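Visitor: mind looking at a prediction? Sequence and model below.
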Amino acid sequence: MSFRACLLSWIVILASGVSLNAADRNIIFFITDDESPTLGCYGDKAAATPAIDTLAADGTRFINAFATTASCSASRSVVMSGLHNHRNGQYGHAHAYHKFASYYNVLSLAMPRVLANAGYRTAQIGKYHVAPEEVYRFETYLKGGNGRNAVQMAEASREFITNKGDDRPFFLYFGTSDPHRGGGKDENSPTKLKPDLFGNKPNRGSHPDVNEVFFDPADVPIPSFMTDTQETREELAQYYQSCARIDQGVARLVEILKEAGLYDKTLIVFTADHGMAFSGGKTTVYEPGLNVPFVVRNPYEKNRGVVSNALISHVDITPSLLDFAGGLNPKTNGPKKLVDADEYWKERGENLMENRGPRGGFKSYHGKSWINILGKPEAEHWDTVFASHTFHEIQMYYPMRVVRDRKYKLIWNIAHPLPYPFASDLWAASSFQAQFEKGMDAPYGRKTVGQYIHRPQFELYDMQKDRDEATNLAYSTEYQDVLKEYQAKLKAFQKRMDDPWIMKWDYE
């Protein structure tokens, strides 16, 4: 390269605002637990989310971002590996008797490990919920806030963020437990079926350092997949309060970054593991289960306040962060510094015979980076996205596979002869029980209770005309060609992604 060409290249890099100092490319990945796009920046007038709205106004907001499974552990394994959960081995929950875990050889692609190999100091705070720990290993595990207080979690992260004793860029994985159900029932409710507290303090109490925002059940919007009842409204009021607490944690993180002069040196990603914890959302592959908030502020992207219609998936997250970090190999779509997992375990004296994963290991991500489409409202990403759900809790076997594009969505309920299994917290939800007690013909959103529990083998929806997934076209004579086309797409995806459940096409 001539001197003039070299000089021009440096001028272009400097003009783009991209720092040449690796320590100027920090990353905060903020993931919530069971949250839909119920944010002000997504048009929700009830939400109290000014900090996230500000990030969206200063970054890119994706309106077609999708989890691949609406189950906590399984989804987080996808987020942290860039592989669909049927391929990474984590079919369901990691904790207690559920005991699901990713393959040991996922280590080669695991988010915290590849970023560490790319020169980052890594830390995690809050909800983790994947296994094995050695696969998804961070250098530092921070404590504080108990997952329910994002403000205290942010303060607990301050020292790590502002550490001047380590010149490496930082990566912080920030996982709240809000707005997951939990914390008991609101015994002050006048209804017979009491609403879940969603992590809020009883008797309108406040978490330390949080300015709690309380919501009037009469004022909350009712999503189309739910039924407008007093029980639903009371639970939604609790849910919105929990979401507002999350926003204050985002605000505190931004404050810490700005005080340290790091805000314009840090990529911030805000999303959720999947949709809200109401029947019809969490654990399903309907839109309210898979469609998630997704806001990205790249300090080096000059176009701000962009709304992107691109289809993106949770499998894209790890390769995107690695791409920002400069560690993604564009030829292999894997890490530049690829660790041979078999050799890694052998050096540790562990000759793995079981749960190792595919022979030959993992070298490439299922997802692809969206870094290059940030700030570009017209840019495309995927033509088609897929979902792969198998378990939530261990007793909840109900495998579903999904193919979705801008025109149609096909759901294959592989275990359709079984009644749909409920997560324990969703079964107990007053918003569902109020309708369940009325019988199978009682309405639940755009379906009946019976239709929700007993599902057909295939569900085909026109996503341009029927985003609420109210009319199943799979058994309509005029849509049989469409059904066959999307069945073929789904089967091809399963073959390409080594889905063990592909064999179910040939029997049962």
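Guide: That came through, no problem. Numbers count the residues shown, from 1 in each chain.
Visitor: quick one: residues contacting Gly450.
Guide: Met440, Asp441 (Cβ atoms under 8 Å, 6 or more residues apart in numbering). Every residue, glycine included, has its C-beta placed from N, CA and C.
Visitor: can I assume it sits in a helix?
Guide: Yes. Per DSSP: H, G, I helix; E, B strand; the rest coil, Gly450 lies within a helix segment.
Visitor: isn't Asp196 right next to Leu236, touching?
Guide: No. Counting by Cβ atoms under 8 Å, Asp196 does not reach Leu236; the two are 10.7 Å apart.
Visitor: any idea how far Glu287 is from the closest residue to Ala387 other than its chain neighbours?
Guide: Leaving aside its sequence neighbours, Ala387 sits nearest to Val402 (Cβ to Cβ, 6 or more residues apart in numbering; 3.7 Å). Val402 sits 11 Å away from Glu287, going by Cβ to Cβ, to the nearest Å.
Visitor: any regions of this protein where pLDDT drops low?
Guide: 1-22 (pLDDT under 70).
Visitor: what about 50?
Guide: Applying pLDDT under 50 to the chain flags the ranges 1-3, 5-21.
Visitor: helices of that one, start to end?
Guide: Ranges of helices in the chain, per DSSP state H, are 3-15, 50-57, 72-79, 85-88, 111-117, 150-161, 230-259, 287-290, 317-324, 341-347, 424-427, 430-436, 449-453, 480-496.
Visitor: return the most buried member of those helices.
Guide: Most buried of the helices of the chain by mean neighbour count (mean count of other Cβ atoms under 10 Å) is helix 72-79; its value is a mean of 29.
Visitor: ok now that one, how far from the chain's centre?
Guide: Its chain's C-alpha centre and that of helix 72-79 lie 7 Å apart, by Cα atoms, centre = their mean, to the nearest Å.
Visitor: now tell me what touches that helix from outside.
Guide: 31, 33-34, 67-69, 83-85, 88-95, 98, 100, 102, 106, 111, 127-131, 175, 180, 273-274, 314-315, 317-318, 389-392.
Visitor: narrow those to just the buried residues.
Guide: 31, 33-34, 67-69, 83-85, 88-94, 98, 100, 102, 106, 111, 127-131, 175, 180, 273-274, 314-315, 317-318, 389-392 (16 or more other Cβ atoms under 10 Å).
Visitor: and the residue nearest the centre of the chain?
Guide: What sits nearest the mean C-alpha location of the chain, by Cα atoms, centre = their mean, is Asp273, with 2.8 Å.
Visitor: returning to what we had before: tell me the bridge partners for the residue nearest to Ala387.
Guide: Ala387, Ile411 (DSSP bridges).
Visitor: which residues of the stretch 151-300 of the chain fall in strands?
Guide: For the stretch 151-300 of the chain, the strands defined by DSSP state E, counting those that start in this stretch cover 170-175, 266-272, 294-297.
Visitor: quick one: the strands in the stretch 1-150 of the chain, in order.
Guide: 26-32, 60-66, 121-126, 140-142.
Visitor: so which of those strands gets nearest Trp427?
Guide: strand 26-32 (22.4 Å; Cβ to Cβ).
Visitor: nearest residue to Pro443 in space, please, no chain neighbours.
Guide: Ranked by Cβ to Cβ, 6+ apart and with sequence neighbours excluded, the top spatial neighbour of Pro443 is Thr227, at 5.4 Å.
Visitor: apologies, that question was intended for Leu172.
Guide: Ile28 (4.9 Å).
Visitor: which residues does that neighbour contact?
Guide: Applying Cβ under 8 Å, 6+ apart, the residues near Ile28 are Phe171, Leu172, Phe174, Leu253, Leu257, Thr266, Leu267, Ile268, Val269.
Visitor: before we move on, what about Arg304?
Guide: Ala57, Asp58, Gly59, Gly375.
Visitor: which of those count as buried?
Guide: By neighbour count, with 16+ other Cβ under 10 Å, the contacts of Arg304 hold Asp58, Gly59, Gly375 as buried.
Visitor: out of these, which one sits closest to Thr162?
Guide: Asp58 (21.3 Å).
Visitor: my guess is the closest one contacts Arg297, does it?
Guide: Yes. Asp58 is within contact range of Arg297, at 5.4 Å (criterion: Cβ under 8 Å).
Visitor: adding distance to Lys331, write the contacts of Arg304 out as CSV.
Guide: Output for the contacts of Arg304, formatted as CSV (distance: Cβ to Cβ, whole Å):
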residue, distance to Lys331
Ala57, 36
Asp58, 33
Gly59, 29
Gly375, 25
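Visitor: need the max-distance pair from these.
Guide: Farthest pair in the contacts of Arg304, by Cβ to Cβ: Ala57 and Gly375, 13.0 Å.
Visitor: got the CA positions of stretch 265-283 in CSV?
Guide: Extracted in CSV, the C-alpha atoms of stretch 265-283 (Å, rounded to 0.1, in the frame of the first residue of the first chain):
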residue,chain,number,x,y,z
LYS,A,265,-16.8,4.3,24.4
THR,A,266,-19.4,1.6,25.3
LEU,A,267,-21.8,-0.4,23.2
ILE,A,268,-25.1,-0.9,25.1
VAL,A,269,-27.5,-3.7,24.2
PHE,A,270,-30.9,-4.0,25.9
THR,A,271,-33.2,-7.0,25.4
ALA,A,272,-35.1,-9.7,27.2
ASP,A,273,-34.7,-13.5,27.2
HIS,A,274,-38.3,-13.7,25.9
GLY,A,275,-41.8,-12.3,26.2
MET,A,276,-43.9,-11.5,29.3
ALA,A,277,-44.9,-14.2,31.8
PHE,A,278,-48.5,-14.5,30.9
SER,A,279,-50.2,-17.5,29.3
GLY,A,280,-50.0,-16.8,25.5
GLY,A,281,-46.6,-15.3,26.0
LYS,A,282,-43.9,-17.0,27.9
THR,A,283,-43.3,-20.7,27.0
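Visitor: re the thing from before, Phe138 versus the residue nearest to Pro443, what's the distance?
Guide: 42 Å.
Visitor: same thing with Ala23?
Guide: Distance from Ala23 to Phe138, by Cβ to Cβ: 19 Å.
Visitor: more crowded one of those two?
Guide: Phe138 (21 against 16; other Cβ atoms under 10 Å).
Visitor: what's that one sitting at in phi/psi?
Guide: In terms of degrees, to the nearest 10, the main-chain angles of Phe138 are phi -100, psi 160.
Visitor: shouldn't it be in contact with Leu172?
Guide: No. Assessed by Cβ under 8 Å, Phe138 is found out of contact with Leu172, at 9.4 Å.
Visitor: and for those two, which residues touch both?
Guide: Common neighbours of Phe138 and Leu172 (Cβ under 8 Å, 6+ apart) are Thr122, Ala123, Gln124.
Visitor: would you turn those into JSON lines with distance to Ile63 and neighbour count?
Guide: JSON lines is the format used below for the shared contacts of Phe138 and Leu172 (distance: Cβ to Cβ, whole Å; neighbours: other Cβ atoms under 10 Å):
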{"residue": "Thr122", "distance to Ile63": "30", "neighbour count": "22"}
{"residue": "Ala123", "distance to Ile63": "30", "neighbour count": "21"}
{"residue": "Gln124", "distance to Ile63": "28", "neighbour count": "23"}
